[in-house]
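>>> okay, here's the prediction I keep looking at, along with the sequence it came from:
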Amino acid sequence: MDSGAPARRQPSVVSPPVLLIDSEDTFSSAELIRDVVAPRFTDARTVHVSGAGHWPHVEQPAAVTKIVDNFLTSLARQPQRPLPNPRPKG
């Protein structure tokens with residue numbers, strides 16, 4: 001199991017949907033993505049790319065393009081959520 005930075009145990013401040021792409025990478029494994037990374041986000045979607053290692057966007061660019069396109073299309077079909085105001089009023 002990963003014993004990296006302590007912040008990895010905290011929930012992310014990122015609240016919009018997040019796309020996580022895993023592959024057959026032995027360093028950043030599908031299990032690591034599923035068990036350590038995804039739980040940090042309130043809306044994480046994980047998709048697997050077959051036939052790719054550590055660089056799926058280079059090794060399987062058509063598959064990654066299709067995954068990203070499907071993700072963005074699904075977001076465009078959802079009702080818009082207001083963005084949080086990064087600056088407090090006052």
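Structure's in. What do you need? Residues are numbered from 1 along each chain as shown.

>>> quick one: contacts for the spatially most central residue of the chain?
Residue closest to the mean C-alpha point of the chain, counted by C-alpha atoms, centre = their mean, is L20 at 2.6 Å. Each residue near L20 by C-beta atoms under 8 Å, 6 or more residues apart in numbering is listed here: 33, 37-38, 44-47. (Each C-beta comes from the backbone N, C-alpha and C, glycine too.)

>>> identify each buried residue in the helix or strand of the chain with the lowest mean pLDDT, please.
When the helices and strands of the chain are scored by mean pLDDT, DSSP states H and E, helix 30-32 comes last with a mean of 91. Buried residues in helix 30-32, counting neighbours by 16 or more other C-beta atoms under 10 Å, are found at 30, 32.

>>> ok, now stretch 35-50?
Of the residues in stretch 35-50, 36-37, 40-41, 44-45, 47-49 count as buried by neighbour count, 16+ other C-beta under 10 Å.

>>> turn those into CSV, columns for pLDDT.
CSV is the format used below for those (pLDDT from 0 to 100):
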residue, pLDDT
V36, 89
V37, 91
R40, 92
F41, 93
A44, 94
R45, 95
V47, 96
H48, 95
V49, 95
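
>>> for the nearest residue to S15 once chain neighbours are set aside, give me phi and psi.
The spatial neighbour of S15 that comes closest, neighbours along the chain excluded (C-beta to C-beta, 6 or more residues apart in numbering), is T42 at 5.8 Å. Backbone geometry at T42, expressed as degrees, to the nearest 10, gives phi -80, psi -20.

>>> contacts for the host helix or strand of V68 next, please.
Using DSSP states H and E, V68 maps to helix 61-77. The contact list for helix 61-77, computed with C-beta under 8 Å, 6+ apart, reads 17, 19, 21, 45, 47, 49-52, 56-57.
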